[in-house]
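J.: I'll drop the sequence and a predicted model, then ask my questions.
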Amino acid sequence: MHNDFPYYHLDRAVNPRHVQSLVEFYEAGCKPRDQYGTGVEIEHLPVREGTDEAVTYAEPHGIREVLEELAELYDASKEYRDGDALLGLGRGKIAVSLEPGGQIECSLGVLEQPDELNDLYAQFRADIDPILARHGIRLVTYGYTPVTSARDITIIPKTRYAAMNEYLGRVGSYGWNMMRCSASTQVSFDFSSEADAIEKMRMAVAVGPLLGYFFRNTPYFEGRENELPLLRQHMWEGIGSGRAGTNPGLFDAHYGFEQAAIDALATPLMVADTTHSPDAARQGVWTAPFENAADVYPDRALNEYEITHIISTHFTDVRLKNFIEMRHWDSLPLDRARILTDLVVKLFTNEEELARISGYFEGVRALDVNAAKLDLQAHGEDARPYGQSLDFWREFLHAESTGADIPGDAAHPDVFQK
């Protein structure tokens, strides 16, 4: 690990052993290009048939009962529980988990062939849909639940989410809305080296607002028509800089794994978790609005559970793990999620495509990205992000080999029009 970048108040903010642990975690993600894979996560909003009211975890015919029945079709060794509460299932490349408001997330990966997305998702729906029907539930792929208000949704019985609920209930304007009512689509891909990872992150952050606009899918907010083109962005960025939005320092010339690690470690944890840290001074899970990793974890190398927890307390548009995760999008129905996934794979794992967008965005700054976001939010279809019309960006970002057009208006999930 090089040391030519100054640690921020190293004696108080970050622990060098922790920094090294994260750097090694990132480095372990480097893969040969012929071993690249893709991950896709689609979150679903469960609503009651006939009313579209949100369905919560513990209510009669609620999400708990759905999971308990679904568990019979999944691998018992991959069940996730918090105490007695069943909160997650797994089988092969399919993982089913719950977001704080009871949103049902289907994680699919690592995908080696594009058709795997369709096949695996079809299996997930074939398993869960009959169970949902018996309980009078359907799954909605919107960015925000259509009818129910955030204050009327009870979070699931997960210790981490109780602590997160306390934190986000006091920070920003939309913490509870994001936790309880929102749903997203996320796409992940691999990198071959540190330089490759940073270049892909920069380009993903640069084009992210454009793709976020083209694949927006939130017609409702708190039971009313949603007026913001990028509502998801607006809600997340309301929880505070450094934890969400554009990655701090990403476009600086010296940015690399070490700087990414410092940023993750220096930020207050929001939620501390030492359930896998037997030598920690304090045990358990608690709200941590001021404590960062150096305050919570011992002076030693971090284990993988600790590393993944620390990273999970950041919600930047593009998140660095031992792969790269793009987080810009509202929940999408499968056909649109497939278009998006094919496009992301083309842009960020094809060397020629990555070189093309890198050449165009040479010299871009975080300020430019934030200006593009604000332009799209304020002006919608009349916006000129980075000085170009949206028609220009549709053509620029369209990869012909995907065989599909980027939708130009997604105010309703069934509307694909330019």
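T.: Yes, it's here.
J.: model confidence for Q417, exactly?
T.: Note on Q417: pLDDT of 27.
J.: start and end of stretch 152-161, how far apart?
T.: 16 Å (CA to CA, to the nearest Å).
J.: L265 reaches E291, doesn't it?
T.: No: L265 lies out of contact with E291 (CB atoms under 8 Å); the separation is 11.6 Å. C-beta coordinates here come from the backbone N, C-alpha and C atoms, glycine included.
J.: and L397, how far is that from N247?
T.: According to CB to CB, to the nearest Å, L397 stands 21 Å off from N247.
J.: just want to know which of L265 and E291 has more residues nearby.
T.: L265 (26 against 16; other CB atoms under 10 Å).
J.: spatially nearest residue to the residue nearest the centre of the chain (excluding sequence neighbours)?
T.: The chain has R327 as the residue nearest its centroid, 3.9 Å off, counting by CA atoms, centre = their mean. Once flanking residues are discounted, R327 sits nearest to Q186: 5.2 Å by CB to CB, 6 or more residues apart in numbering.
J.: just T267 next, same as before
T.: That would be G242: by CB to CB, 6+ apart, it lies 5.3 Å from T267.
J.: next one, pLDDT for that neighbour please.
T.: pLDDT, G242: 71.
J.: number of nearby residues for it?
T.: 16.
J.: and it, how close does it get to P16?
T.: Per CB to CB, G242 is found 21 Å from P16.
J.: below-threshold pLDDT in the stretch 151-300 of the chain: ranges please.
T.: The stretch 151-300 of the chain contains residues with pLDDT under 70 at 240-241.
J.: which parts of it are strands?
T.: 184-189, 220-221, 224-225, 244-245, 270-273, 285-288 (DSSP state E, counting those that start in this stretch).
J.: strand partners (parallel or antiparallel) of the first one?
T.: Taking DSSP bridges as the criterion, strand 184-189 sits next to strand 38-48 (antiparallel), strand 324-330 (antiparallel) in its sheet.
J.: follow-up on the earlier one: contacts only, for the residue nearest to R327.
T.: Neighbouring residues of Q186 by CB atoms under 8 Å, 6 or more residues apart in numbering: 39-41, 325-327, 329.
J.: does it have beta-bridge partners, and which?
T.: With DSSP bridges as the criterion, Q186 is bridged to E41.
J.: packing partners for the helix or strand where D342 lies?
T.: Assessed by DSSP states H and E, D342 sits inside helix 334-349. With contacts taken as 3 or more CB pairs under 8 Å, 6 or more residues apart in numbering; DSSP states H and E, helix 334-349 sits against strand 38-48, helix 115-134, strand 184-189, helix 194-214, strand 324-330, helix 351-360.
J.: and that helix, how far out from the chain middle?
T.: Taking CA atoms, centre = their mean, to the nearest Å, one finds helix 334-349 lying 15 Å from the centre of the chain it belongs to.
J.: picking that back up, T313 is nearest to which of the strands of the stretch 151-300 of the chain?
T.: The closest of these to T313 is strand 270-273. By CB to CB, the value is 4.8 Å.
J.: now the closest one: how far from the chain's centre is it?
T.: 18 Å.
J.: that one: partners in the sheet, and parallel or antiparallel?
T.: strand 285-288 (antiparallel).
J.: residues in contact with the strand it pairs with?
T.: 159-160, 163-164, 166-167, 268-275, 295-296.
J.: figure out how far that strand is from the centre of its chain.
T.: 21 Å.
J.: do stretch 193-213 as well
T.: 14 Å.
J.: which parts of that stretch are buried?
T.: 194, 196-213 (16 or more other CB atoms under 10 Å).
J.: could you do stretch 304-322 as well?
T.: 306-307, 309-320, 322.
J.: spatially, which two of these are the most separated?
T.: The two members of the buried residues of stretch 304-322 with the most space between them (CB to CB) are E306 and D317, at 24.0 Å.
J.: now the closest residue to Q123 other than its chain neighbours: phi and psi?
T.: Distances taken as CB to CB, 6+ apart place I94 nearest to Q123, at 6.7 Å, with adjacent residues excluded. The phi and psi values for I94, taken as degrees, to the nearest 10, are phi -110, psi 130.
J.: partners of I94 in the sheet?
T.: Beta-bridge partners, per DSSP bridges, of I94: R91, L108.
J.: looking at the strands of the stretch 151-300 of the chain, which is buried most?
T.: strand 270-273 (a mean of 24; mean count of other CB atoms under 10 Å).
J.: contacts for it, please.
T.: Contacts for strand 270-273 (CB under 8 Å, 6+ apart): 160, 163-164, 167-168, 243, 282, 285-289, 291, 296, 306, 309, 313.
J.: repeat that for stretch 69-77.
T.: Where contact means CB under 8 Å, 6+ apart, the residues beyond stretch 69-77 that reach it are 79, 86, 89-92, 96, 127-128, 131, 134.
J.: distance between the ends of that stretch?
T.: 16 Å.
J.: list the buried residues for it?
T.: Buried residues in stretch 69-77 (16+ other CB under 10 Å): 69-71, 74.
J.: repeat for stretch 247-261
T.: For stretch 247-261, by 16+ other CB under 10 Å, it's 247-248, 250-251, 255-261.
J.: and what of stretch 226-244?
T.: 226, 228-233, 235-240, 242-244.
J.: pick the one among those residues closest to A150.
T.: Closest approach to A150 among these (CB to CB): M235, at 10.4 Å.
J.: my guess is the closest one contacts S182. True?
T.: Yes: counting by CB under 8 Å, M235 touches S182, with 6.7 Å between them.
J.: any idea how many residues pack against A122?
T.: Neighbours of A122 (other CB under 10 Å): 11.
J.: what about P219, distance to G143?
T.: Taken as CB to CB, the span from P219 to G143 is 9 Å.
J.: same question, W236
T.: 11 Å.
J.: can you check L376 too?
T.: From L376 to G143 the distance is 15 Å (CB to CB).
J.: of the contacts of stretch 69-77, buried ones?
T.: Among these, the ones that count as buried by 16+ other CB under 10 Å are 86, 89-91, 96, 127-128, 131.
J.: the residues you listed: which two are farthest apart?
T.: G90 and I131, at 16.7 Å, using CB to CB across those.
J.: end-to-end on stretch 165-185?
T.: Stretch 165-185: ends 22 Å apart by CA to CA.
J.: one step back: out of the buried residues of stretch 247-261, which is nearest to A28?
T.: Closest to A28, out of all of those and judged by CB to CB, is F257, at 10.8 Å.
J.: return the residues in contact with D127.
T.: 70, 73.
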